[in-house]
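Chemist: Sequence first, predicted model second:
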Amino acid sequence: MTHQLPVIDLEPWFTGDRQQRLELCRQLRQVCHEIGFFYVINHGIPESVSEAYLAMLKNFFALPEEIKKTIDKSGSAQFRGWEKLGSELTNNQVDYREQIDIGVDRNPIAKPDPYYMALVGPNLWPTEAAIPGFRQTVDDYFSRLSGVSRQILRMMSLALDLDEFHIEQVFGKNPSPYLKLIRYPQTRAGGQGVGVHKDSGFLTLLLQDENTGLEAQANDDTWYPVDPVAGSLVVNTGELLQLVTHNYFIATPHRVVNKTGLERYSSAFFYSPDLNTVLEPLPLAADYIDRVNASRRHRNEGLMASRSEMAAGIGGMESRVQPVVFGEKYWQRWVRSYPEIARKFYPGLMG
């Protein structure tokens with residue numbers, strides 16, 4: 001089966017009249033309900049900026065390992081920094097990618113309460129001498145992606161017949177975005193660049209280089225490529241957007257397998273709310289919920305299992321735990337992916 005993901009042109013959102021904007025939101029609603037994956041073009045980030053950012057990303061991964069080790073994630077209580085190949089788990093299987101995770105730079109909380117507030121803290125940055133301009137370039141792109149994410153959330157609010165700023169207001173004053181810079185070598189036989197998963201937050205924006213490898217799962221459980229499209233960002237909805245929309249918007253399983261014989265580089269940006277945001281369902285019209293109940297796929301869509309659930313034999317997409325606040329889900333994401341770091345810093349919270 002051949003699949004072609006929709007390409008959504010955001011130009012009418014920025015320059016069109018009210019009717020054009022609402023029509024674009026209608027298209028977005030259909031895509032998020034039926035697929036959960038799409039490309040956006042004319043998103044407001046100049047292609048020259050994206051290319052310069054990708055070049056800086058490649059420069060970082062080309063650094064000697066002894067320099068990258070100075071920001072090793074194993075030394076971060078907030079799961080920030082660089083990790084070597086094979087450091088992360090997805091569905092309890094080792095991923096074959098090298099990456100660096102960057103969040104919002106904040107001062108750590110001395111006595112975090114609730115426990116998940118321990119995730120508030122600083123990034124780990126290479127020195128300016130090691131890679132001139134890296135922090136400035138990454139911070140700039142981080143800010144630009146935050147802006148695009150807010151625009152898409154406004155579109156999603158209108159798409160669901162809510163006030164334009166409804167979802168953005170739910171996110172609170174201190175959203176929790178983070179940025180992942182990734183290098184995928186050729187995937188080993190029988191292995192995974194990153195294993196099958198759903199993104200754990202609300203919204204993901206992905207910048208890809210020219211090499212293929214990303215795949216998404218279709219409704220019939222087959223896999224189809226999400227190949228690079230020049231000037232685009234790939235957008236996919238996360239588990240928590242699925243949760244708060246009563247499963248009307250769906251989070252689609254996806255994976256990366258690099259078979260190109262080349263290095264593949266990408267950058268994923270995850271836009272999620274304040275850690276203390278209560279995950280209450282959005283006030284959707286009954287018609288939306290009726291459509292979910294009428295669709296076996298939608299009403300049965302689950303969430304990724306927590307570490308304790310996986311240990312009990314519960315499948316990767318069959319979680320029975322409904323998080324109450326975002327921080328609980330965010331905590332599960334990091335502990336599930338990096339159990340050794342979690343044991344090091346939080347030995348009493350590994351249940």
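Modeler: Received, thanks.

Chemist: residue ranges for the helices of the chain, please.
Modeler: 11-15, 18-34, 47-61, 65-68, 134-159, 166-170, 239-244, 286-293, 296-300, 307-311, 326-337, 339-345 (DSSP state H).

Chemist: For Pro114, which of those is the nearest?
Modeler: Of all those, it is helix 326-337 that lies closest to Pro114, at 6.4 Å by CB to CB. Backbone N, C-alpha and C define where each C-beta goes, glycine included.

Chemist: what does stretch 51-71 rub up against?
Modeler: Stretch 51-71 is contacted by residues 81-82, 84, 98, 100, 124-127, 130-131, 133-134, 137-138, 140-141, 181, 183, 207, 209, 265, 267 when judged by CB atoms under 8 Å, 6 or more residues apart in numbering.

Chemist: What is the end-to-end distance of it?
Modeler: Using CA to CA, to the nearest Å, one end of stretch 51-71 lies 24 Å from the other.

Chemist: Based on its surroundings, how many neighbours for Leu153?
Modeler: 23 (other CB atoms under 10 Å).

Chemist: Who are the contact partners of it?
Modeler: 167-168, 171, 202-203, 271.

Chemist: Tell me where the model's unsure across the protein.
Modeler: 1-3, 304-321, 351 (pLDDT under 70).

Chemist: picking up where we left off before, and the contacts of stretch 51-71, which of them are in strands?
Modeler: 81-82, 98, 100, 181, 183, 207, 265, 267 (DSSP state E).

Chemist: follow-up on the earlier one: list only buried entries from the contacts of stretch 51-71.
Modeler: For the contacts of stretch 51-71, a burial check counting by 16 or more other CB atoms under 10 Å picks out 81-82, 98, 100, 124-126, 131, 134, 137-138, 141, 181, 183, 207, 209, 265, 267.

Chemist: Next, format the ones in strands among the contacts of stretch 51-71 as JSON lines and append distance to Tyr39.
Modeler: Formatted as JSON lines, the ones in strands among the contacts of stretch 51-71 follow (distance: CB to CB, whole Å):
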{"residue": "Gly81", "distance to Tyr39": "30"}
{"residue": "Trp82", "distance to Tyr39": "29"}
{"residue": "Glu98", "distance to Tyr39": "26"}
{"residue": "Ile100", "distance to Tyr39": "25"}
{"residue": "Leu181", "distance to Tyr39": "20"}
{"residue": "Arg183", "distance to Tyr39": "22"}
{"residue": "Leu207", "distance to Tyr39": "11"}
{"residue": "Tyr265", "distance to Tyr39": "18"}
{"residue": "Ser267", "distance to Tyr39": "15"}
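
Chemist: List just the nearest of those residues to Leu22.
Modeler: For these, the nearest to Leu22 is Leu207 (28.2 Å; CB to CB).

Chemist: got a list of what that closest one touches?
Modeler: 50, 53-54, 233, 266-269.

Chemist: possible to save those as CSV with distance to His197?
Modeler: Compiled in CSV, the contacts of Leu207 are given as follows (distance: CB to CB, whole Å):
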residue, distance to His197
Ser50, 25
Tyr53, 24
Leu54, 23
Leu233, 19
Ser266, 15
Ser267, 17
Ala268, 12
Phe269, 16
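
Chemist: Just the closest of the residues you listed to Asp227, please.
Modeler: After measuring the contacts of Leu207 against Asp227 - CB to CB - the closest member comes out as Ser266, at 12.2 Å.

Chemist: Let me know whether the closest one touches Asp209 as I believe.
Modeler: Yes - using CB atoms under 8 Å, Ser266 is in contact with Asp209, at 6.6 Å.

Chemist: Is the residue nearest to Val229 when sequence neighbours are not counted bridged to anything, and to what?
Modeler: Nearest residue to Val229 in three dimensions, chain neighbours excluded: Tyr39, at 5.1 Å (CB to CB, 6 or more residues apart in numbering). As for beta bridges, Tyr39 partners with Val7, Val234 under DSSP bridges.

Chemist: Could you check how far Tyr39 is from Gln208?
Modeler: Using CB to CB, to the nearest Å, one obtains 10 Å as the distance from Tyr39 to Gln208.

Chemist: shared neighbours, those two?
Modeler: By CB under 8 Å, 6+ apart, the residues touching both Tyr39 and Gln208 are Val234.

Chemist: Between the two ends of stretch 209-217, how far is it?
Modeler: So stretch 209-217: terminal residues 21 Å apart, CA to CA.

Chemist: Okay, buried residues for that stretch please.
Modeler: For stretch 209-217, by 16+ other CB under 10 Å, it's 209, 211-217.

Chemist: Next step: those residues restricted to strands.
Modeler: Per DSSP E, the buried residues of stretch 209-217 map to strands at 214-217.

Chemist: How many residues are close by Asp220?
Modeler: For Asp220, using other CB under 10 Å, the count is 6.

Chemist: re earlier: could I get the helices of the chain as TSV with distance to Asp227?
Modeler: As requested, the helices of the chain are exported to TSV (distance: least, CB to CB, whole Å):
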stretch	distance to Asp227
helix 11-15	22
helix 18-34	17
helix 47-61	16
helix 65-68	29
helix 134-159	21
helix 166-170	29
helix 239-244	24
helix 286-293	30
helix 296-300	24
helix 307-311	31
helix 326-337	26
helix 339-345	33
